[in-house]
Structures are given as C-alpha cells and as structure tokens.
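Participant: sequence and predicted model, in that order:
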2 protein chains.
Amino acid sequence: MRKNENFSKAILDLDRMVHEPARLAILTVLASAEEVAFLFLQRITGMSKGNLSTHTQKLEAAGYLDTVKAFQGRIPVTSFRITEDGRLALKAYHKQLRALLPEEGKR
Amino acid sequence: MRKNENFSKAILDLDRMVHEPARLAILTVLASAEEVAFLFLQRITGMSKGNLSTHTQKLEAAGYLDTVKAFQGRIPVTSFRITEDGRLALKAYHKQLRALLPEEGKR
DNA sequence: CAAAACAAGTTTGTATTGCAAACTTGTTTT
DNA sequence: AAAACAAGTTTGCAATACAAACTTGTTTTG
C-alpha cells in the first residue's frame, strides 16, 4: 500500500499555478507548438478573452511563458511561447499526477 | 497527435469538486478505508481543522461523503465514509487525468 | 469623408473560494 | 472550582477565476 500520509500531503503540494484547469490547458497547448496566437488559443480552449488574458498574464509573471507582441500587416497579434521553466513545471506536474493515479493493474 | 481542441476543452471540464487538492486528498484517503476519523484525517493530511471541516462539509453537500457522528466514551468523534457517488466521481476524475497525461512512451 | 461596425486584447467589478484564527461546547485535570 | 484541553464549527479575510465593459486602432459602409 502507498504510504497514505506522504501521499496525501503530496497532493496538497501540487503546483497550483499549473493545477488550475485554465492554465493547464494553456500550458498544454503551448507545449505542443513553437508559438501560439492569442485568438487561436481562445478558440481552441473556448475561454473568454478576458479570462485568457488574465491567465496568460499570470503564467508570464510566473515565468512559464513569454508573450510576443507583433503586427500582422497593421493589426496587432499577440502570441505566446512556453518557456523552459514552463516546460519543466508542466513535466513536474505530470510526474506528480502519475504518482497520484492508481496504477494500471489496480484500476 | 491528440486533437488539441477537444483535449484542452476536456481539461476545462475537470470536476472541480474533486480537482481541488484538499478535497482530492480527502477523497483519496477515504477511498482506501471503510471509515476515517476527523482527527486521523487531519493528521494524515496536515490540514488545519477549520480547513478540513469546510472541505468535508462541501464534499458532503456534493453527496461525495457521509459524516458519521458518534461518541467514543463521552467524547464526540466525527468520521467520514466515501459514498458510492464519491467513489464514482473519483474514478471519473482519474479517468480524465489519464486521458490528459502524455502516454508512457512519450514522456 | 464621417460614422458605424469590427478586431484584438486589457481592465475592472463581482461572486466564489480556500484557509486559519477565533469561537463553542463539552470533558478532564489540577 | 478553575484552568487547561479536546473536537469540531463558524467567521473574517485575502486571493482567485471569470466575464462584462472598456480601450485603441482598423475596416467597412452610407
């Protein structure tokens, strides 16, 4: 049996910056591409612009993504790239989750 | 490649009653025993009494656990049992997480 | 050409929530 | 009898997620 104490305390140590579903979705998409545009991210996740904007700002403040502001012709386009720290945080989070999930055989 | 759209929207559909780490820890412990006493749960998770109390109340309101109030001698002892709904919710949550985690080979 | 509609994000306001300090009710110790 | 302890609960507060409303600029239309 898994040691319940360490185990449940580990759950409480999950990185909340990543654990929040909106941000987890953002990071997951960013992890699968070089660079992702704001509007693409919005459509793919179905989030509102406001919500997406605040979450990407938080992820940037945490150092998990970089914001790239550019112009496509004359209209502004904001894009994002996951940082190395972001990738590491996501990987670490995945590891925490795996430790938490019952093993294959025991489902 | 996984379809990014369905995928990231699925993340946003995670059951938040279970997703919250404090409650996930509680449910996980409850799932591994018949009945668990308040103080045991508190020690094993390291949560404060107040926090534990409010989260168990939420889980009860959601129908995910039952609260059992009894006496040990003359002192009151509160215990909890996961309900069938709670077990199902936890299982469904695990399933959602598995779908979300990169596969073994791709780590 | 002026006005209205549209685009791309950001800021602000609100309602919810997680958390621990303080409280309550009762028991045991001094 | 008073003080200390136990087991939870309630209350107050700070942080957060979210969308509506706003801002700045561009394109379309009358």
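Facilitator: Now that the structure is in, tell me what you want to look at.

Participant: so which bits of the strand or helix carrying residue A:41 are buried?
Facilitator: When secondary structure is defined by DSSP states H and E, residue A:41 falls within helix A:38-45. Neighbour-count burial for helix A:38-45 flags A:38, A:40, A:41, A:44, A:45 (criterion: 16 or more other Cβ atoms under 10 Å in any protein chain shown). Quick note: C-beta positions are derived from backbone N, CA and C, even for glycine.

Participant: next one: stretch A:40-59
Facilitator: For stretch A:40-59, by 16+ other Cβ under 10 Å, it's A:40, A:41, A:44, A:45, A:47, A:52, A:55, A:56, A:58, A:59.

Participant: which residues touch that stretch?
Facilitator: A:17, A:20, A:22-23, A:25-27, A:29, A:38, A:65, A:67, A:80, A:86, B:4-5, B:8-9, B:12 (Cβ atoms under 8 Å, 6 or more residues apart in numbering or on different chains).

Participant: name only those of those residues that count as buried.
Facilitator: A:17, A:20, A:22-23, A:25-27, A:29, A:38, A:65, A:80, A:86, B:4, B:8.

Participant: residues in chain A within reach of DNA strand D, list them.
Facilitator: A:16, A:20-23, A:47-51, A:53-55, A:58, A:73-75 (Cβ under 7 Å from any atom of the strand).

Participant: just the ones in strands from those residues, please.
Facilitator: If you go by DSSP state E, those have residue A:75 in strands.

Participant: among the residues of chain A next to DNA strand D, which lie within helices?
Facilitator: Of those, the ones assigned to helices by DSSP state H are A:16, A:21, A:22, A:23, A:49, A:50, A:51, A:53, A:54, A:55, A:58.

Participant: check what pLDDT the last one gets.
Facilitator: According to the model's per-residue confidence, residue A:58 sits at a pLDDT of 98.

Participant: any idea which helix is longest in chain A?
Facilitator: helix A:84-100.

Participant: how far away from the center of its chain is that helix?
Facilitator: 10 Å (Cα atoms, centre = their mean, to the nearest Å).

Participant: kindly report the same for stretch A:86-101.
Facilitator: On Cα atoms, centre = their mean, the centre of stretch A:86-101 falls 11 Å from that of its chain.

Participant: pLDDT averaged over it, what's the number?
Facilitator: 95.

Participant: and the contacts of it?
Facilitator: By Cβ under 8 Å, 6+ apart, stretch A:86-101 touches A:7, A:10-11, A:13-15, A:17-19, A:24, A:27-28, A:30-31, A:59, A:62-65, A:82, B:24, B:28, B:94, B:97-98, B:101-102, B:107.

Participant: just the buried members of those residues?
Facilitator: A:7, A:10-11, A:14-15, A:17-19, A:24, A:27-28, A:30, A:59, A:62, A:64-65, A:82, B:24, B:28, B:94, B:97.

Participant: distance of residue A:66 from residue B:16?
Facilitator: The gap separating residue A:66 from residue B:16 is 29 Å, by Cβ to Cβ, to the nearest Å.

Participant: list the contacts of the residue positioned nearest the centre of chain A.
Facilitator: By Cα atoms, centre = their mean, chain A has its centre lying nearest to residue A:27, at 2.7 Å. Residue A:27 is in contact with A:18, A:59, A:64, A:65, A:82, A:86, A:89, A:90, counting by Cβ under 8 Å, 6+ apart.
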